[in-house]
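S.K.: A predicted structure for the sequence below; I have some questions about it.
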Amino acid sequence: MDHRPGLDPSVAEVRRAVRAALERADGPVAVALSGGPDSLALAAATAFEAARAGIRAEAVVIDHGLQEGSDAVAAAAAEKARALGLGARVVRVEVGSTDGPEAAARAARYAGLAAAAVEIGADVVLLGHTLDDQAETVLLGLARGSGGLSLAGMPAERRDATGPIWARPLLAVRRHTTVAACAAQGLDPWTDPHNADPAYSRVRVRNRVMPVLETELGPGVAEALARTAEQLREDAEAFQDMIDETIEDIVEHAEAGISISVAALAANPAALRNRIVRYVVDSEFGVSLSRAQTLEIARLATDWKGQGPIDLPGCLARRVGARIEVVARTAS
């Protein structure tokens, strides 16, 4: 057990969380390592638990190349991983210029991690997101009005159609615990200057909004937000099951797109109807509809008054008889 003399409680907590995640691993695992306290505590716990379980683990350090000296920072993080007993590699990625700097860096990072996982032969990639990260994600989603799925935050585990399982074993662990775990093990984490830059909305939430909420509403706000995310994720998964069943009955392929039965769509409750609309458009065309766009399309079924086609990015929605067609713009 982890209660032997000399083991700091913070180290024990992180190790327990990682141990549970490693039980799902059928082979090698990869650990995303930035060098910060969260990922460094994760790497240390993985090194310990993977060795006990006979699992090969390797740290993957992504160098985004966005800061001067990023190569040296990445090399230092990899060296810390090796000192812990992990294999380690640095992956340099190219960050695009679309979707804003944060989203572009995130996309490049995940692509680099996925490619490294294939080379390692890892079916699981461990990510160092904590309960605090989850709470911040929920607040950002709430501020943007992004809907229930956004408020559901980050899943503890997710697998894409192809690629590894993305596992977040520390989602129930507070950030102060990972900082304490590093200190207890004599680990010196790197401090990312971006994490103090108020130009980033997440930094403002972390350093300004959350402290005010904790002061004004009392302790436990982060935990409450994380619980909210968990409950909303359960709801979202239940809705997705209902959507999958309903789509089989009411959605058909159309020339250059898809078509939806007007009567069947209108017969569903608004929450399910709107989710069906968003899901089929995203699945077919990769377009994330806004709330206003979703409601406009739904009105083609519920409030039909002869309105014309609805322009969407790369496609359009229109009513044709008893069906709503969503087709590529060139098909109009």
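M.R.: Received it, and whenever you're ready, just let me know what you need.

S.K.: all contacts plus neighbour counts: C-alpha atoms, from now on.
M.R.: OK.

S.K.: Pop the domain breakdown of the protein in here.
M.R.: 9-223, 255-331 (automatic domain parsing).

S.K.: For residue 219, give me its contacts.
M.R.: By Cα atoms under 8 Å, 6 or more residues apart in numbering, residue 219 lies in contact with nothing.

S.K.: and the helix or strand that residue 112 is a member of, which residues are buried?
M.R.: Under the assignment given by DSSP states H and E, the secondary-structure element containing residue 112 is helix 101-120. Along helix 101-120, these residues count as buried under the neighbour rule (16 or more other Cα atoms under 10 Å): 105, 107, 108, 109, 112, 113, 114, 116, 117, 120.

S.K.: what's the closest of those residues to residue 279?
M.R.: Ranked by distance to residue 279 (Cα to Cα), the buried residues of helix 101-120 are led by residue 107 at 21.1 Å.

S.K.: I'd like to know how far the closest one sits from residue 118.
M.R.: Distance check for residue 107 against residue 118: by Cα to Cα, to the nearest Å, it reads 17 Å.

S.K.: quick one: the strands in the stretch 51-200 of the chain?
M.R.: Defined through DSSP state E, counting those that start in this stretch, the strands belonging to the stretch 51-200 of the chain, from first to last, are 57-63, 87-92, 124-126, 157-159, 165-167.

S.K.: As CSV, the ones you listed with distance to residue 42, mean pLDDT and mean neighbour count would be great.
M.R.: Output for the strands of the stretch 51-200 of the chain, formatted as CSV (distance: least, Cα to Cα, whole Å; pLDDT from 0 to 100; neighbours: other Cα atoms under 10 Å):
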stretch, distance to residue 42, mean pLDDT, mean neighbour count
strand 57-63, 10, 97, 27
strand 87-92, 14, 96, 19
strand 124-126, 8, 97, 27
strand 157-159, 16, 89, 14
strand 165-167, 12, 95, 21
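
S.K.: now the ones you listed as TSV including distance to residue 225?
M.R.: Below are those laid out as TSV (distance: least, Cα to Cα, whole Å):
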stretch	distance to residue 225
strand 57-63	29
strand 87-92	34
strand 124-126	22
strand 157-159	18
strand 165-167	20
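
S.K.: I'd like to know which elements the helix or strand bottoming out on mean pLDDT in the chain is packed against.
M.R.: Every helix and strand in the chain was compared by mean pLDDT, DSSP states H and E; the lowest is helix 148-151, with a mean of 72. Helices and strands touching helix 148-151, as assessed by 3 or more Cα pairs under 8 Å, 6 or more residues apart in numbering; DSSP states H and E, comprise helix 131-144, helix 221-250.

S.K.: gap between the first one and the chain center?
M.R.: For helix 131-144, the gap between its own C-alpha mean and the chain's C-alpha mean amounts to 11 Å (Cα atoms, centre = their mean, to the nearest Å).

S.K.: ok, back up a step: in TSV, list the buried residues of helix 101-120 along with distance to residue 242 and pLDDT.
M.R.: Putting those into TSV (distance: Cα to Cα, whole Å; pLDDT from 0 to 100) gives the following:
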residue	distance to residue 242	pLDDT
105	34	85
107	29	88
108	33	91
109	33	94
112	34	95
113	32	96
114	30	95
116	35	97
117	33	96
120	37	96
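
S.K.: Quick check: the gap between residue 222 and residue 175.
M.R.: Shown here: residue 222 relative to residue 175, a distance of 11 Å by Cα to Cα.

S.K.: list residues touching both of those two?
M.R.: The overlap between the contact sets of residue 222 and residue 175 (Cα under 8 Å, 6+ apart) consists of 131, 132.

S.K.: how many other residues sit next to residue 10?
M.R.: Here the number of neighbours of residue 10 (other Cα atoms under 10 Å) works out to 21.

S.K.: can you confirm it is in a helix?
M.R.: Yes: remark: residue 10 belongs to a helix, assigned using DSSP: H, G, I helix; E, B strand; the rest coil.

S.K.: how near is it to residue 178?
M.R.: Per Cα to Cα, residue 10 is found 7 Å from residue 178.

S.K.: mind listing what the residue nearest the centre of the chain touches?
M.R.: The centroid of the chain falls nearest to residue 154 when counting by Cα atoms, centre = their mean (4.5 Å). Taking Cα under 8 Å, 6+ apart as the criterion, residue 154 is in contact with 134, 137, 229.

S.K.: ok, and the most crowded of the residues you listed?
M.R.: Counting neighbours by other Cα under 10 Å, residue 134 comes out on top of the contacts of residue 154 with 26 neighbours.

S.K.: Check the contact between it and residue 228; I expect there is one.
M.R.: No: taking contact to mean Cα atoms under 8 Å, the distance of 10.1 Å between residue 134 and residue 228 leaves them out of contact.

S.K.: got any ranges where the chain has weak pLDDT?
M.R.: Scanning the chain with the threshold set as pLDDT under 70 gives 1-5, 99, 146-147, 149, 331-332.
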